[in-house]
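Participant: following is a predicted model, sequence given first.
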Amino acid sequence: MTEIRTPRLVLRRWRDDDLVPLSEIHADPTVMRWIGDGEPRSLEQTAEDIEAWEEEWDEEGFGLFAVELLGSGELAGAVGLYVPDSPPEVADQVAIGWRLGRVYWGQGYASEAAHAALEFALQDRGIDRVVAVCRTADTASANVLDKLGMHSEGATQDPVHGLDLRIYGIDLTEFQG
């Protein structure tokens, strides 16, 4: 079982008891406004997400981790690697993404977890480049991407929802692990 420990977090594979806390995160419109179509997700949709992430782990050898607080064991959200099918500029590349419950914002957890996921990509999986996509107006995610050393590589639009997006990338040989 793949598990990464940081000073404050455990990044691990998904368990059955993660469904309800993740569905509570997914039900928060403020959390979800920057993800997908921006709509909250139901318990059933959250179960489908976890199943898809676990399938990606089995097929690709990486995926989104469950992010757990080291001290309390609380599920804070998800972070990790995935292979997007859109927008076309990043389709079929390895991307990094995250979502954390609102109570965990502003404490550096997203940066800490994403940094660990990039180290995992480089050191454990031998991936040499990672991309990210975020909405142009999502300044908090852009700040995390900047902290990771990812560089803006241009803008595009979400082909499904028509939303303005910014694309980031990093060659992991330049990553400061």
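Facilitator: That came through, no problem. Numbering: from 1, shown residues only.
Participant: contacts and neighbour counts: CA atoms only from here.
Facilitator: Noted.
Participant: can you pull the buried residues of the lengthiest helix in the chain?
Facilitator: As assigned by DSSP state H, the longest helix anywhere in the chain is helix 43-60. Of the residues in helix 43-60, 43, 46-47, 49-50, 53-54, 56-57 count as buried by neighbour count, 16 or more other C-alpha atoms under 10 Å.
Participant: show me where this protein has strands.
Facilitator: Ranges of strands within the chain are 3-5, 9-12, 64-69, 75-82, 95-100, 129-135, 151-157, 164-171, based on DSSP state E.
Participant: any stretches of this structure with poor pLDDT?
Facilitator: Across the chain, the ranges flagged by pLDDT under 70 are 1, 177.
Participant: quick one: the buried residues of helix 43-60 as JSON lines, columns for distance to R5 too.
Facilitator: As requested, these are arranged in JSON lines below (distance: C-alpha to C-alpha, whole Å):
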{"residue": "L43", "distance to R5": "28"}
{"residue": "T46", "distance to R5": "25"}
{"residue": "A47", "distance to R5": "25"}
{"residue": "D49", "distance to R5": "23"}
{"residue": "I50", "distance to R5": "21"}
{"residue": "W53", "distance to R5": "20"}
{"residue": "E54", "distance to R5": "19"}
{"residue": "E56", "distance to R5": "21"}
{"residue": "W57", "distance to R5": "18"}
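Participant: from those, which is closest to G162?
Facilitator: D49 (22.3 Å; C-alpha to C-alpha).
Participant: check contacts around that closest one.
Facilitator: Shown in contact with D49 (C-alpha atoms under 8 Å, 6 or more residues apart in numbering): no residues.
Participant: so the longest helix of the chain versus strand 64-69, what angle?
Facilitator: Relative orientation of helix 43-60 and strand 64-69, computed by axes from the mean of the first three to the mean of the last three C-alpha atoms, to 10 degrees: 110 degrees.
Participant: R13 touches G61, doesn't it?
Facilitator: No: applying C-alpha atoms under 8 Å, one finds R13 not in contact with G61, separated by 11.5 Å.
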